[in-house]
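*Asks:* 3D, please:
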Amino acid sequence: MADSGRAMRELKRRLFILLGISAVALILTLTFLFFEKRGRRKTIVVGGKCNTEQMILGEMLAILIEEKTGMKVKRNLNLDGSFIAFNALRNGDVDLYVEYTGTLEQEILKGRDLSDFDLEMGPSLGFDNSYVVLVHADSTIETLSEWSRCNEISFSCDPEFSCRSEYTLLCEHYAAKERRLLDYSLSLLGLKTGRIGSCIGCSTSAFIISDGFRILEDDKEIFPKYAAIPVFRRKTLRDHPELREIIQLLSHSISTDEMRRLNYEVDINGKNVYNLSLGWLVGHDLIGVKENGRINESIADNRQVGMGTSSAHSSTRRRTLPHPATARDSI
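*Replies:* Numbering: from 1, shown residues only. I've put the predicted structure just below:
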């Protein structure tokens, strides 16, 4: 009986130790899962190139993620060009940014696939920011074919465009006239004042609205499309699969005309990028109006783009805009 009692006590002791070890293991496991989940809910970094259009789109993405997930979002919207932005994405310095299909295909990937870099493309935002030839509003020319036959119309482009494949296509298909190399802003000024008959531009340029420029129809459809698309790190999507559904809300939501108008509101009317982006999201019912003061009626003038001339600036959100929207790639 004594031996049986000792055996029972020993069994209980071992069982107690086993239960203690199991409890410690459970606590450690739960602690690990808790901090692992917190680690996954890291700050999301939204990137963007240093021009108006990219800042607007970056703010839209950032605000949408903040409002739909509650996660902190850091803005890095002053990346100096497409290569820098793409490498920042590859290296994990940013989690997503908006790129253009033409830039990806012709300048960055060159036959490779985004999956080679563990990256993924999101849905098109809806608009196309392709290269276009601009003329003054009072010009009677409608198409690039007509333009190519009018020798009296001068043409200007910036040095970067003259080295791009689009300029080669322009020469091959429309027998492009002798070019005058000028900085983009000087080309626009020359077109506005009548010293230049035509110049290269981008389809979402604010100056098409402000200076009364017209886009000549690319009747041979030679220019590549530059559809705006979010590009993600796949690791970010694995850690935060909810981002897919959130970004899908912006799918085909912005037309080319609307993007041009948004750029106009910032570049010409001086509206604040954050307020304009926030108002656009609220106006399109992508985020709700809150009563806590963060989203309220004070941004109502920005809900319908172009409805007012208010340019109320937020002291904490105001950004320096070093380049116009049409400095699309800055590669």
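*Asks:* now this structure, which segments are flagged as low pLDDT?
*Replies:* 1-20, 22-41, 290-331 (pLDDT under 70).
*Asks:* what's in contact with the helix or strand containing residue 201?
*Replies:* Taking DSSP states H and E as the criterion, residue 201 maps to strand 198-202. When contacts are defined by C-beta atoms under 8 Å, 6 or more residues apart in numbering, strand 198-202 is touched by residues 129-135, 139, 147, 153-158, 161, 182, 184, 187-188, 190-191, 207-208, 213, 215-216, 226, 325-326, 328. Bear in mind the C-beta positions are built from the backbone N, C-alpha and C, glycine included.
*Asks:* from the residues you listed, keep the buried residues only.
*Replies:* Buried members of the contacts of strand 198-202, scored by 16 or more other C-beta atoms under 10 Å, are 129-135, 139, 147, 153-158, 161, 182, 184, 187-188, 190-191, 207-208, 213, 215-216, 226, 325-326, 328.
*Asks:* tell me the centre residue of the protein?
*Replies:* residue 98 (2.9 Å; C-alpha atoms, centre = their mean).
*Asks:* tell me how far residue 260 lies from residue 56.
*Replies:* Distance from residue 260 to residue 56, counting by C-beta to C-beta, to the nearest Å: 11 Å.
*Asks:* just want to know which of these two has more residues nearby.
*Replies:* residue 56 (26 against 23; other C-beta atoms under 10 Å).
*Asks:* please report phi then psi for residue 62.
*Replies:* phi -60, psi -50 (degrees, to the nearest 10).
*Asks:* give me the distance between it and residue 125.
*Replies:* 14 Å.
*Asks:* then residue 56?
*Replies:* With C-beta to C-beta as the criterion, residue 56 and residue 125 are 11 Å apart.
*Asks:* same check, this time on residue 44
*Replies:* 18 Å.
*Asks:* same question, residue 168
*Replies:* Separation of residue 168 from residue 125 (C-beta to C-beta): 28 Å.
*Asks:* who has more neighbours out of those two?
*Replies:* Applying other C-beta under 10 Å to residue 168 and residue 125 shows that residue 125 carries more neighbours, namely 22 against 13.
*Asks:* skip the chain neighbours and tell me the closest residue to the more buried one.
*Replies:* residue 228 (4.4 Å; C-beta to C-beta, 6 or more residues apart in numbering).
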